[in-house]
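Visitor: Next input, structure requested:
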Amino acid sequence: MKESNFLSLVVPAYKQEKTIVKDLATLNNVLASLNTNYEIIVVVDGFLDKTFEEIKKIKNKNIKVYGYQDNKGKGYAIKYGVEKAVGDVIGFIDAGMDLDPVAISMLLNHMEWYDADIIVGSKLHPVSQVDYPLVRRILSWGYRTFTHIIFGFGIKDTQTGIKLFKRKVVKDVFPRLLVDKFAFDIEILALAYALGYKRIYEAPIKLSFKGNSSISSTNLWKIIIKMFIDTLAVFYRVRVIKFYRKKNKKNWKKFE
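Guide: Down below sits the predicted model:
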C-alpha cells in the first residue's frame with residue numbers, strides 16, 4: 001500500500017562488491033537525516049560477483065535488495081526496482097556514490113517548490129559542483145545537443161544518474177518503457193514530455209568522478225553508437241509511429 005510522505009529510492013548495482021556496503025551506509029545516513037519516511041531498493045544487475053551477498057549482510061529495515069542471474073542493463077534494473085516501490089516520490093541514484101547523495105534533499109525541495117512532475121540532477125546547474133573528465137564533458141555536450149534538436153527539451157542535462165518522479169508519473173510512464181540500457185534516461189524524459197508531464201526541472205548536484213564506471217575505454221565508442229541508435233528509436237516511437245499510445249497498452253508492463 002502506498003504511504004504518504006514516503007520516498008522510494010532505487011539503486012541499480014553492477015559489480016559493486018568492494019564498495020556497496022559503505023556506499024549504502026552513506027546513502028542511508030543522508031536519507032535518515034531528512035524529514036521523510038524512505039526505503040532504499042537495491043537491484044543487483046546480475047549475480048556476477050558477491051554484491052548481492054554483501055548487501056544481504058546489512059541489517060536495516062529501510063534497505064531492501066533484489067537481483068537476478070544475468071546482467072540486463074541499468075534501465076532494466078531501475079524498472080525492476082521501481083515496480084517494488086511504494087513511495088509518493090520515486091527516484092533513482094547511481095551506485096558508486098560519484099554523485100553525493102546529499103543532493104537528494106535539494107531535489108526533494110525543488111519538487112516541492114515547483115510542484116514538479118520530475119526533478120533531474122544536473123551537472124549544468126549553475127551551483128552544481130562537478131569534477132568530471134574533459135572527454136566525458138565533450139561527449140555529454142554532443143549527446144545533449146543531439147537530444148535537444150530532436151526532442152526540444154528545455155532542460156540542459158538529461159543523463160546524470162539521479163532523478164525523482166511523482167508516483168503518478170511513474171505509474172503512467174514506466175510500464176511503457178522499452179530501453180534497458182544507456183538511452184533509458186532519454187526515453188523516460190521524452191515519453192513523459194510527450195504524455196504531458198512538462199513540469200520537469202533541474203536541481204544542483206555534487207559529482208566527483210572516481211573512475212569506477214562499468215564503462216571502459218575499450219567499449220566506450222560502441223556504447224556511444226548504441227546510445228545514438230537507441231535514441232533515434234525512441235524518437236521514432238514517440239514522434240513517428242506513436243507507439244506509446246494507449247491502444248498499445250497490451251504491450252506495457254503492469255505497475256500497481
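Visitor: by contact count, what packs against the lowest-mean-pLDDT helix or strand in the chain?
Guide: Across the helices and strands of the chain, the lowest-confidence element by mean pLDDT, DSSP states H and E is helix 134-151, at a mean of 85. Under the contact definition 3 or more CB pairs under 8 Å, 6 or more residues apart in numbering; DSSP states H and E, helix 134-151 sits against helix 184-194, helix 220-235. C-beta: built from backbone N, CA, C; applies to glycine.
Visitor: and the next element down the chain from the first one?
Guide: When you say that, I think you mean helix 184-194. Going down the chain from helix 184-194, the next helix or strand is strand 200-204, by DSSP states H and E.
Visitor: Distance-wise, check the nearest residue to K156 once chain neighbours are set aside relative to G87.
Guide: Excluding the flanking residues, the one nearest K156 by CB to CB, 6 or more residues apart in numbering is L124, at 4.2 Å. Distance of L124 to G87, computed by CB to CB, to the nearest Å: 27 Å.
Visitor: didn't I150 look like it was pressed against F235?
Guide: Yes. Using CB atoms under 8 Å, I150 makes contact with F235 at a distance of 5.1 Å.
Visitor: picking that back up, would you mind telling me which of L124 and G87 has more residues around it?
Guide: Neighbours were counted for L124 and for G87 using other CB atoms under 10 Å; G87 has more, 25 against 16.
Visitor: all helices of the protein, in order?
Guide: 20-32, 51-56, 74-82, 103-114, 134-151, 167-173, 184-194, 220-235 (DSSP state H).
Visitor: so can I have TSV of those showing mean neighbour count and distance to S128?
Guide: Putting the helices of the chain into TSV (neighbours: other CB atoms under 10 Å; distance: least, CB to CB, whole Å) gives the following:
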stretch	mean neighbour count	distance to S128
helix 20-32	17	17
helix 51-56	19	29
helix 74-82	24	22
helix 103-114	18	9
helix 134-151	14	13
helix 167-173	19	23
helix 184-194	23	17
helix 220-235	15	22
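Visitor: can you put those in TSV and add distance to V42?
Guide: Formatted as TSV, those follow (distance: least, CB to CB, whole Å):
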stretch	distance to V42
helix 20-32	7
helix 51-56	6
helix 74-82	8
helix 103-114	15
helix 134-151	25
helix 167-173	18
helix 184-194	18
helix 220-235	24
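Visitor: Right, I'll call it a day here.
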